[in-house]
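Participant: one predicted model, sequence on top.
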2 protein chains.
Amino acid sequence: MLDYAGLEALAAVLREGSFERAARRLHVTPSAVSQRIKQLEERAGQVLVQRGSPCTGTDAGRRLWLHLEQVRLLENELRRAHPDLLAGSDAPAPTLRLAVNADSLATWFMDAMADFTAGGNELLDLRIDDQDHTGERLRRGEVIAAVTASAAAIAGCNTWPLGHMRYVAAASPAFAARHFADGVTAAALARTPVMVYDAKDRLIDRWLQAHGLATRAHAPRHLLPSEFGYVRACEVGMGWGMHPAALIAGQLARGTLVPLLDGAGLDVPLYWAHPRNAQQSLARLTQCVMAAARHWLDAP
Amino acid sequence: MLDYAGLEALAAVLREGSFERAARRLHVTPSAVSQRIKQLEERAGQVLVQRGSPCTGTDAGRRLWLHLEQVRLLENELRRAHPDLLAGSDAPAPTLRLAVNADSLATWFMDAMADFTAGGNELLDLRIDDQDHTGERLRRGEVIAAVTASAAAIAGCNTWPLGHMRYVAAASPAFAARHFADGVTAAALARTPVMVYDAKDRLIDRWLQAHGLATRAHAPRHLLPSEFGYVRACEVGMGWGMHPAALIAGQLARGTLVPLLDGAGLDVPLYWAHPRNAQQSLARLTQCVMAAARHWLDAP
């Protein structure tokens, strides 16, 4: 049997990022936390925590953390199914770590979270990342489920198609008039500032390529890793950008943003993936996710 | 004189995160980029790039990158002041890397950015971090200016007080009725889910302490590192949270969020800091920042 007191210390350190904060949370001294981790590492025969600021988990450390959370989900189900059985003991609600792309979170995924949290005591810990990278987090054992842009199978996981998220290129009317007076051409785009969500964002390039507008020249880029700030920055005229159509419906209706190229968009397929050995909580979350996706996304 | 072709390769690698993407951007081969970096590292007598996925800069690497960007700002000013002098050569617009807390970005800082980008060709690269950590990014040479929560002097930098950002604890009316029927007490708070922006977020603890509501027990926490998602999650009833009053003015007016404890809030002072050897661009940005802060924040 694994050393679960040690695993709890490991989880607290990886979650809080430091031995001191983990100790406060567990109501023990930092040296007690340090000792438990050392014992766990000795038994595992390898390093589990990369000491630093913040402390992070090695591959093995992350796997053990995820295992502990799966056990906590099972315990939670037991407690809820048999409240009398464990009435004497108490446990904090379990947490599901999820990797979700920012645009899903800003649109359809909120419904899934509201639904899920209303129906149980489980807590959510959201990791926001590019949809091309969320699957990697699942693969590395950083999260227990993910919204991804790839249908590629992940070892030990099931994958469900969620539908397509439609993106539209848009800018403020004044910005469009100033920079695209002669049309949305490759030449105009090459010298017009574009808003980029982060360095990993390839949606812009894919849209340019899809419409034959890609050039060797790189357009000036503002980097703004905030889905809310990104839309606002386009509204105030800092640059043009690629937006989820569902997110800017209000801006398009009010006219604070206008579509470029007559709204010729880009459809990005999305998938939901989690380990096959799913606990009931995870199965319930999947139902909430599928329901919200059916409502918001175009059919797969 | 430093090797500026080498520095351009270094900047491209640190900005893009990989030798391959840097090479594409510079229109050279990855091995050419690699060679330039190696030469630069030999001359500097130390490692400048930590190879990995993504590649990141060592302390020395980040300092050299920031130096290059300061030189680019100077060049840009020269070009704008004397367009004839350098008519034959061309250069991309310079980028100012800034560290800003998410709540500033979601409220008053957008005005400063809109103002600044409307008045020049400079590009912005925003790094979003907790206001207690943005100063550290400035200290480490990761950014050229920052909005911070600390008046502490940063070596070589000037610091300006910006005013106070007011935070209000709020939840959806249904959530407040369900969890705080007997009042917002320490006991009720200890068992009620709270939305936390990220593990570094200490605003909640400060508010609890300020109102004598802190307990040893840790309330269940949902982690959601998105300023937009955070407000929405409170509206849909996932938890209560601490919000910038300016950000949720609409929600409070519409009644989708209600203040807890009669709106007893928390005032967080904010500061603006950048190196003393400021280029004109940076001085202009500071003017835009001070103007937006005067409009939005409570007087310091």
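Facilitator: Received it, and whenever you're ready, just let me know what you need.
Participant: distance of the residue nearest to the spatial centre of chain A from chain B?
Facilitator: Chain A has A:Val100 as the residue nearest its centroid, 2.1 Å off, counting by CA atoms, centre = their mean. Relative to chain B, A:Val100 is positioned 9 Å away (CB to the nearest CB, to the nearest Å). No exception for glycine: its C-beta is placed from N, CA and C like everyone else's.
Participant: please, where are all the helices along chain A?
Facilitator: Counting by DSSP state H, chain A has helices at residues A:4-16, A:19-26, A:30-44, A:59-81, A:102-106, A:109-118, A:134-139, A:173-179, A:186-191, A:203-210, A:227-235, A:249-254, A:280-296.
Participant: compare the ones you listed and say which comes out lowest on pLDDT.
Facilitator: Mean pLDDT is lowest for helix A:59-81 among the helices of chain A, at a mean of 86.
Participant: just want the angle from that helix to helix A:4-16.
Facilitator: Calculated by axes from the mean of the first three to the mean of the last three CA atoms, to 10 degrees, helix A:59-81 forms an angle of 110 degrees with helix A:4-16.
Participant: by contact count, what packs against helix A:59-81?
Facilitator: For helix A:59-81, the packing partners by 3 or more CB pairs under 8 Å, 6 or more residues apart in numbering or on different chains; DSSP states H and E come out as helix A:4-16, helix A:30-44, strand A:95-100, helix A:280-296.
Participant: between the ones you listed, which gets nearest to B:Ser31?
Facilitator: When the helices and strands packed on helix A:59-81 are compared by CB to CB, strand A:95-100 sits nearest B:Ser31, at 34.0 Å.
Participant: just checking, the residue nearest to the centre of chain A touches A:Ala149?
Facilitator: No. With contact defined as CB atoms under 8 Å, A:Val100 and A:Ala149 do not form a contacting pair (11.6 Å).
Participant: overlap in contacts of the two?
Facilitator: Taking CB atoms under 8 Å, 6 or more residues apart in numbering or on different chains as the criterion, A:Val100 and A:Ala149 both touch A:Thr134.
Participant: please report how far A:Cys234 lies from chain B.
Facilitator: Relative to chain B, and taking CB to the nearest CB, A:Cys234 is found at 11 Å.
Participant: the nearest residue to that residue once chain neighbours are set aside pairs with what?
Facilitator: Of all residues beyond its chain neighbours, the one nearest A:Cys234 is A:Gly241 (4.7 Å), with distances taken as CB to CB, 6 or more residues apart in numbering or on different chains. With DSSP bridges as the criterion, A:Gly241 is bridged to A:Ala170.
Participant: verify the stated contact: A:Gly241 with A:Arg232.
Facilitator: No. Look at A:Gly241 against A:Arg232 with CB under 8 Å: they stay out of range, at 10.5 Å.
Participant: those two: which is more packed in?
Facilitator: Between A:Gly241 and A:Arg232, counted using other CB atoms under 10 Å in any protein chain shown, the more crowded position is A:Gly241 (28 against 22).
Participant: OK, contacts around the more buried one?
Facilitator: Residues near A:Gly241 by CB under 8 Å, 6+ apart: A:169-171, A:194-196, A:204, A:230-231, A:233-234.
Participant: go with 6 Å
Facilitator: A:195, A:230, A:234 (CB atoms under 6 Å, 6 or more residues apart in numbering or on different chains).
Participant: any idea how far chain B is from it?
Facilitator: As judged by CB to the nearest CB, A:Gly241 and chain B stand 13 Å apart.
Participant: A:Val258 too?
Facilitator: Applying CB to the nearest CB, the value for A:Val258 to chain B is 17 Å.
Participant: can you count the residues close to that residue?
Facilitator: Using other CB under 10 Å, A:Val258 has 18 other residues around it.
Participant: tally of neighbours for A:His27?
Facilitator: 10.
Participant: look at the residue nearest to A:Cys234 and report its pLDDT.
Facilitator: Looking at A:Gly241, its pLDDT stands at 96.
Participant: likewise for the one 5 residues further on?
Facilitator: The score at A:Ala246 is 91. That number is its pLDDT.
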